[in-house]
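Trainee: how does the following fold in three dimensions:
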Amino acid sequence: MGPDEITVSNGHGLAMTLSSFGARLVELNVPDRNGLAENVVLGFDGLAPYEQHANLYLGSTIGRVAGRVAGGHFLSGGLDLQLDPNEGDNHLHGGRHRSFDRVEWSVAASHPSLGAGVIFEYVSPHGEEGYPGTLHARAEYALSEDNELRVVLTATCDRTTPVNLTNHTYWNLAGGNVPITGHQLMIQAHNTLATSADLIPTGSLVPVPGTALDYRQQRRIGDALPEGGGEPWPGLDHTYLLDDSDGSLRRAAILYDPDSGRSVELFTTEPALQVYSANRLPALQGRNGVSFAAGHALCLEPQKVPDSPALPGLPSIVVPAAQEYRHVICYKFRTR
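Mentor: So this is what the prediction gives:
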């Protein structure tokens, strides 16, 4: 992406390339067990394919609201909003035209205490995609000396508004064009959310023990995949409610590639994790000539669940005027 790209290294094996278009991670080189560093995230060369395939959200910051809002009608926390529908009648990942992944963010210097990195900033004006208030958002990416990538997402608004930010990186720790089925996955969750045919939560919980969605113990993804769902590739697209969710930074998942030895542990402050195995990813040529297709990556998107009267007891995504929204994500890289 030319001048929009910024490459940062921690001096201990990790190097990331970021873009101000969508405040996104476009490349992350991580060593394998033999010290060979390869890119472990899906991305493109140049700006044009990101614009052409915007609905893939590769590596981007998602907002103002990650996830789906049924009928684009947000009714919660004293708000009654009609948001821009962009997936049938539903509102997905912030809208059609000016969602956070489709806009240019400004670049500010990183805070040195968080390591080597970049802070992106974006001001979303009142009414953008149907959201109230002028919202000031920041997305900070930083690499630590102990091989952590920390992403800190913050926002404040001059009016009460929904906010639910996350990162939408597609992970493939093998560093190549191979399916994700050979990776091993662990998710610290006993329940997923039941959803309708268009993936809107119904308000019911689905216990995972004894099902294809049970990843409480680390296991190979391809050993059991959920059936049905009408997906082009029969994989995961499920919301896991994380165990022991109290707002502190705690481990939510582990993804491991036995062939390379690369492992990433995901930590988050949020109560839910959307797990998506790139079921609708078309066959494309990606960054540095690497090809990918459906089932060739796993998205791990920590977030809150967009408000619904059918989901009592979950934390609200409505943030009062002048109150800071803050979400911390930490990816810890190891080799085995």
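
Trainee: from here on, contacts and neighbour counts on C-alpha atoms
Mentor: Noted.

Trainee: quick one, helices of the stretch 201-336 of the chain?
Mentor: Assigned by DSSP state H, counting those that start in this stretch, the helices in the stretch 201-336 of the chain number zero.

Trainee: likewise for the stretch 1-150 of the chain?
Mentor: 48-52.

Trainee: distance of P125 from A54?
Mentor: Distance, P125 to A54, using CA to CA, to the nearest Å: 21 Å.

Trainee: kindly apply the preceding question to S277 instead.
Mentor: Going from S277 to A54 by CA to CA gives 18 Å.

Trainee: between these two, which one's more packed in?
Mentor: S277 (25 against 16; other CA atoms under 10 Å).

Trainee: give me the below-cutoff pLDDT ranges for this structure.
Mentor: Scanning the chain for pLDDT under 70 picks out the ranges 1-3, 111-113, 228-232, 307-310.

Trainee: the same query, at a cut-off of 50, please.
Mentor: When residues are selected by pLDDT under 50, those of the chain lie in 1-3.

Trainee: state the distance from D257 to C330.
Mentor: 19 Å.

Trainee: one more: L114?
Mentor: Distance from L114 to C330, by CA to CA: 12 Å.

Trainee: overlap in contacts of these two?
Mentor: R150 (CA atoms under 8 Å, 6 or more residues apart in numbering).

Trainee: those two: who's more crowded?
Mentor: A direct count of neighbours by other CA under 10 Å for L114 and C330 places C330 higher, at 22 against 18.

Trainee: tell me who's in contact with the closest residue in space to the more buried one that isn't next to it in sequence.
Mentor: Nearest non-adjacent residue to C330, counting by CA to CA, 6 or more residues apart in numbering: R150, 4.4 Å away. If you count contacts by CA under 8 Å, 6+ apart, R150 has them with 114, 140-144, 328-331.

Trainee: if we only consider these, which is nearest to R96?
Mentor: Proximity of the contacts of R150 to R96 (CA to CA) peaks at E140, which lies at 24.1 Å.

Trainee: partners of that closest one in the sheet?
Mentor: I119, V152 (DSSP bridges).

Trainee: number of nearby residues for it?
Mentor: The burial count for E140: 22, using other CA under 10 Å.

Trainee: would you mind measuring from it to G289?
Mentor: 28 Å.

Trainee: cool, A283 as well?
Mentor: A283 is 13 Å from G289, by CA to CA.

Trainee: and A137, by the same measure?
Mentor: As judged by CA to CA, A137 and G289 stand 33 Å apart.

Trainee: neighbour count winner among those two?
Mentor: A137 (24 against 12).

Trainee: so that one touches V163, yeah?
Mentor: No: when contacts are counted by CA atoms under 8 Å, A137 is not listed as touching V163 (9.9 Å).

Trainee: so who does L81 touch?
Mentor: With CA under 8 Å, 6+ apart, L81 has these contacts: 73-75, 130-131.

Trainee: do that again at 6 Å, thanks
Mentor: 73-74 (CA atoms under 6 Å, 6 or more residues apart in numbering).

Trainee: likewise for the one 5 residues further on?
Mentor: Contact analysis of N86 by CA under 6 Å, 6+ apart lists 95-96.

Trainee: phi and psi next, for it.
Mentor: phi -140, psi 10 (degrees, to the nearest 10).

Trainee: what's the distance between it and A322?
Mentor: Distance from N86 to A322, by CA to CA: 29 Å.

Trainee: now do A212
Mentor: A212 is 43 Å from A322, by CA to CA.

Trainee: again with A189
Mentor: For A189, the distance to A322 - CA to CA - is 33 Å.

Trainee: also L14?
Mentor: Distance from L14 to A322, by CA to CA: 36 Å.

Trainee: more neighbours: which of those two?
Mentor: L14 (23 against 13).

Trainee: now for that one: which residues touch it?
Mentor: 29-30.

Trainee: ditto for S76
Mentor: S76 neighbours (CA under 6 Å, 6+ apart): none.

Trainee: for it, name its beta-bridge partners.
Mentor: L79.

Trainee: same thing with V30?
Mentor: Residues in beta-bridge contact with V30 (DSSP bridges): E38.

Trainee: what sits against it?
Mentor: Taking CA under 6 Å, 6+ apart as the test, what V30 contacts is 14, 37-38.

Trainee: same deal with S196?
Mentor: S196 touches nothing, counting by CA under 6 Å, 6+ apart.

Trainee: buried stuff in stretch 283-299?
Mentor: Neighbour counts using 16 or more other CA atoms under 10 Å place 285-287, 292-299 of stretch 283-299 among the buried residues.

Trainee: nearest to H238, of the residues you listed?
Mentor: The closest of these, once distances to H238 are taken by CA to CA, is C299, at 10.7 Å.

Trainee: pretty sure that closest one contacts Y276?
Mentor: Yes: C299 is in contact with Y276 according to CA atoms under 6 Å; the separation is 5.0 Å.

Trainee: relative to L193, how far out is F74?
Mentor: Taking CA to CA, one finds F74 at 19 Å from L193.

Trainee: I'm done for today, thanks for sticking with me.
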